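Trainee: What follows is a predicted protein model with its sequence.
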Amino acid sequence: MGSSKRLAPYYDRQAQDSAVLAAARSGPLQSLTHRELALRETPVTVYPHAAQRRVRAWVRFGPEALRVDAKVVRSTPLAAGIEFRAGEKTFRCWVWGNAVSAED
């Protein structure tokens, strides 16, 4: 019995949700600090819903790092404000720009 290519994205999503929720139990979602972002000196771009692009991003929950499917909702020249979901929970954080890559 083979696996369904049609259902592969669904199973990938379920696996990511499980990994995110397990990591969330090991510690809080980490985000860049106000000092690192320097928002008073750095311009911030806030993207309307239609302009938010899908990305893969490295995030950290406590000591555990994992790569998630996310969308960029805001950015500075050096950082990205991302949003991603796991189950019914929405997570938001700032990560360095080089922790984000275009979705494959």
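Mentor: Nice, I can see it.
Trainee: Longest strand in this protein, by number of residues?
Mentor: strand 64-75 (DSSP state E).
Trainee: Given that strand, what are its sheet partners and their directions?
Mentor: Sheet pairing of strand 64-75 (DSSP bridges) gives strand 45-46 (antiparallel), strand 54-61 (antiparallel), strand 79-86 (antiparallel).
Trainee: Name all residues that make contact with the most centrally placed residue in the chain.
Mentor: Note on the chain: the residue nearest the mean C-alpha position is residue 70, at 4.1 Å, using C-alpha atoms, centre = their mean. Residue 70 sits next to 54-57, 59, 82-84, 100 when contact means C-beta atoms under 8 Å, 6 or more residues apart in numbering. In this view, the C-beta of every residue, glycine as well, is placed from N, C-alpha and C.
Trainee: where does this protein have low pLDDT?
Mentor: 1-3, 104 (pLDDT under 70).
Trainee: one step back: got the buried residues for the longest strand of the chain?
Mentor: Buried positions in strand 64-75, judged by neighbour count with 16 or more other C-beta atoms under 10 Å: 68-75.
Trainee: Verify the stated contact: residue 64 with residue 26.
Mentor: Yes - Residue 64 is within contact range of residue 26, at 5.0 Å (criterion: C-beta atoms under 8 Å).
Trainee: circling back to that earlier point, same list (the contacts of residue 70) but as JSON lines, adding neighbour count.
Mentor: Output for those, formatted as JSON lines (neighbours: other C-beta atoms under 10 Å):
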{"residue": "54", "neighbour count": "11"}
{"residue": "55", "neighbour count": "19"}
{"residue": "56", "neighbour count": "14"}
{"residue": "57", "neighbour count": "23"}
{"residue": "59", "neighbour count": "21"}
{"residue": "82", "neighbour count": "25"}
{"residue": "83", "neighbour count": "15"}
{"residue": "84", "neighbour count": "20"}
{"residue": "100", "neighbour count": "19"}
